[in-house]
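K.L.:
Okay, predicted coordinates and the sequence, questions at the end:
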Amino acid sequence: MRLFIALDLPAAHKHQLYDLREPSWKARWVTPEQFHLTLRFLGSVEASLLPELTHSLATIKAPAFELAPRGLIALPSPARPRVLAAAVELHPALQALQAEIERRVVALGFAPEARPFRPHITLARLKQVPATAVRAFLQQHRDFSLPPFSVQAFHLYQSHLHPDGARYEMLYHFPLQG
């Protein structure tokens, strides 16, 4: 099973993010139902580990909090854009939740994440889009933001790979407190 842990977004935010797409680009645009904020990608996981993983995640005690998408970014950089994403403010509660999830999955035997956590929502995977076009798009949308939304839970998803892109299935829902 190919798994990841993520936050979901409100439907209105998903549609506003989808409205940003640039149809002339050779890019694989994420559809609204696929938008999420990844907290930890786990990769291929044996089904036998699922009960222990879900039990560990279910015992996380963390408060609900608010997040706000602010700005657009190109990853790994505007000079070498491979991904277009909406940036998300690194709220202290988000950082604490992600760190606790990381601690839990490492304790279960997953390799520690090598890269620092950079919260974002992937909008498109760019194929043959010139860096100049991406930089112009980022400049055009430099004031992009969405209203804060309440994060009441995090989720365990399974990624199903298909020729036209991955499809995500929510397997478990883990409520946050209050």
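P.N.:
Structure received. Residues are numbered from 1 along each chain as shown.
K.L.:
Check which residues of the longest helix along the chain are buried.
P.N.:
For the chain, the helix that runs over the most residues, judged by DSSP state H, is helix 92-107. Using 16 or more other C-beta atoms under 10 Å as the test for burial, helix 92-107 gives Leu94, Leu97, Gln98, Ile101, Glu102, Arg104, Val105. Yep, even glycine has a C-beta here, placed from its N, CA and C like the rest.
K.L.:
how about a markdown table for those, with distance to Phe117 and pLDDT added?
P.N.:
Below are these laid out as a markdown table (distance: C-beta to C-beta, whole Å; pLDDT from 0 to 100):
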| residue | distance to Phe117 | pLDDT |
| --- | --- | --- |
| Leu94 | 9 | 97 |
| Leu97 | 10 | 98 |
| Gln98 | 5 | 98 |
| Ile101 | 10 | 98 |
| Glu102 | 8 | 98 |
| Arg104 | 14 | 97 |
| Val105 | 13 | 97 |
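K.L.:
that older thread, contacts for the longest helix of the chain next, please.
P.N.:
With contacts defined as C-beta atoms under 8 Å, 6 or more residues apart in numbering, helix 92-107 is touched by 5, 39-40, 42, 53, 56-57, 60, 62-63, 65, 67, 88, 112-113, 117, 119, 151, 154, 176.
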